[in-house]
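Chemist: My questions concern the predicted model and sequence given below.
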Amino acid sequence: MSYLFFLGRSRELASQELYSFFPKARIMTDSLYQVDEGVLEVNGKMIAVKDALSVLGGTVKIAEVLETVTTFDATSIARNIMTCHGHPGAFSRPASRQAGISLRQPADRNNECTNEEREKITFGISTYEGVGKIPQSVYQDIKQLLENNGNKVRFVLPQDGSILSSVAVEKQGVTEINIVKIEEKFLFSKTLAVQEFEEWGRRDYDRPFFDSKKGMLPPKVARMVVNIALGKKATGKTVLDPFCGMGTIPGEAILRGAIAMGSDSSKEAIEKSKKNTIWLRSRDSLLPPVTYFVSDATHVSQSVRAETIDAIVTEPFMGSPQLGLGKITDKKEIRNAIKGLEKLYIGCFREWHTLLKAGGVVVIALPEIELGKTKYFVKNVIDSCETLGYTKQQGPLPYNRPNAIVRRMFYKFQKKMST
């Protein structure tokens, strides 16, 4: 069996998260990866691939590969739908070999289902990467083929573009066929699972405190960077977020089974983090508590013992809110802001080195400011990582909201092993 993983908008982050669990995943397109493993390891246990979306933050859909063809039409789509419903071979291949879609294929009445096999089918089609949107007339043809084969049939059309929404697939019980063009062939797959959109939304908007104006990381992105830091096994590992804000990263860390700590220079932020974590744990009594404390990020060693942290995962202070609003346009002022951030981050890396275990990692968002055609970046942080005792493993992995002036570039650093 082979499976397709459809990535969300933050593709670079999502792909690195996927590689953390499936190192042999093969890239098919920028947002599509193929995996030949039917299970994945999570905290020492094996779970089915279709359940991977309970772990991954950056994958929006998982599908099972059905077949690869050189051309397709209404009959071949209908045949794949029947395969999804346990009746393979219900339709023969169409005689036409023209690429694309042939309309009005006749039903093969010799292959009609028996009364016992007749069932209600709701189907939909999502097309990607070089495959045009399927015309509604073709849906009608497929419906007719399936009805002639003895089934009660309805279909759901994509509302925007050529891809069905996760809400439609989940709420309406749709048998979704995905069609992707890879080189000169078409890859058919059936959707096994879609991202748990309601659960992610609850963790973002139903918690006691969140502040979209401050641009803090949403839980999906926090989960991705936690996964990149921890990999398959989180149990027993300790994660620290020294700029914890509202506690999003520590929350996602304990959901992965890790031990989590969070600190912030703001007492108010710590109080909000505590209440958000209490809310999260009220929904799952098995989740462990998070240790929170007030501290400047460059002085956390006063509260945390040396060499006890497996991973530091954080979105640090990214500069004055005026930068993000585009209200600071003077180049000298921006360069001075960058120098200030570089000094802060380098101080943090020095401090954190003492806290990390041998081989421990730092996953951090570093700001890139773009005004007009000019980009400003904290380059000295990257240039100094070797002398500070780290090796850069990954990055830049961008995450930013549309039209953002301050963009987050995630990097993964590993503490050098002692020689």
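Modeler: Arrived safely, thanks for sending.

Chemist: Can you tell me the element residue 396 falls in?
Modeler: For residue 396, the element it lies in under DSSP states H and E is strand 390-399.

Chemist: Please compute how far that strand lies from its chain's middle.
Modeler: 17 Å (Cα atoms, centre = their mean, to the nearest Å).

Chemist: And stretch 133-143, by the same measure?
Modeler: Taking the mean of its C-alpha atoms, stretch 133-143 sits 31 Å from the chain's own mean (Cα atoms, centre = their mean).

Chemist: buried sites along it?
Modeler: Neighbour-count burial for stretch 133-143 flags 134, 138-139, 141-143 (criterion: 16 or more other Cβ atoms under 10 Å). Glycine gets a C-beta too; all of them are placed from N, C-alpha and C.

Chemist: How about residue 159, nearest residue that isn't a chain neighbour?
Modeler: Excluding its sequence neighbours, the residue lying closest to residue 159 (Cβ to Cβ, 6 or more residues apart in numbering) is residue 165, at 6.5 Å.

Chemist: Would you mind confirming that that neighbour is in contact with residue 171?
Modeler: No. Applying Cβ atoms under 8 Å, one finds residue 165 not in contact with residue 171, separated by 9.2 Å.

Chemist: which of the two has more neighbours?
Modeler: When residue 165 and residue 171 are compared for neighbours, residue 165 comes out ahead with 18 against 11, by other Cβ atoms under 10 Å.

Chemist: measure the more buried one to residue 351 for me?
Modeler: Per Cβ to Cβ, to the nearest Å, residue 165 is found 45 Å from residue 351.

Chemist: Same question for residue 333.
Modeler: From residue 333 to residue 351 the distance is 27 Å (Cβ to Cβ).

Chemist: nearest residue to residue 349 other than its sequence neighbours?
Modeler: Excluding the flanking residues, the one nearest residue 349 by Cβ to Cβ, 6+ apart is residue 388, at 4.8 Å.

Chemist: how many neighbours does the one you found have?
Modeler: Residue 388 has 17 neighbouring residues, counting by other Cβ under 10 Å.

Chemist: Give me the phi and psi angles of it.
Modeler: phi -80, psi -10 (degrees, to the nearest 10).

Chemist: ok, now which ones touch it?
Modeler: By Cβ atoms under 8 Å, 6 or more residues apart in numbering, the residues touching residue 388 are 346, 349-350, 353.

Chemist: Identify those among those that sit within helices.
Modeler: 346, 349-350, 353 (DSSP state H).

Chemist: Which one (most neighbours) among the residues you listed?
Modeler: Neighbour counts for these, by other Cβ under 10 Å, peak at residue 349, which reaches 22 neighbours.

Chemist: Can you give me the distance of that residue to residue 330?
Modeler: When distance is defined by Cβ to Cβ, residue 349 is 28 Å away from residue 330.

Chemist: Count the neighbours of the closest residue to residue 197 other than its chain neighbours for me.
Modeler: Using Cβ to Cβ, 6+ apart and skipping residues adjacent in sequence, the residue nearest residue 197 is residue 166, 5.3 Å away. Burial of residue 166 is recorded as 18 neighbouring residues (other Cβ under 10 Å).

Chemist: Repeat that for residue 406.
Modeler: Neighbours of residue 406 under the rule other Cβ under 10 Å: 20.

Chemist: Chain neighbours aside, what residue packs nearest to it?
Modeler: Nearest residue to residue 406 in three dimensions, chain neighbours excluded: residue 324, at 4.6 Å (Cβ to Cβ, 6+ apart).

Chemist: again with residue 15
Modeler: Closest residue to residue 15 apart from its sequence neighbours, by Cβ to Cβ, 6+ apart: residue 7 at 6.4 Å.

Chemist: I am assuming that neighbour contacts residue 18, so please confirm or correct that.
Modeler: Yes. Counting by Cβ under 8 Å, residue 18 is a contact partner of residue 7 at 7.4 Å.
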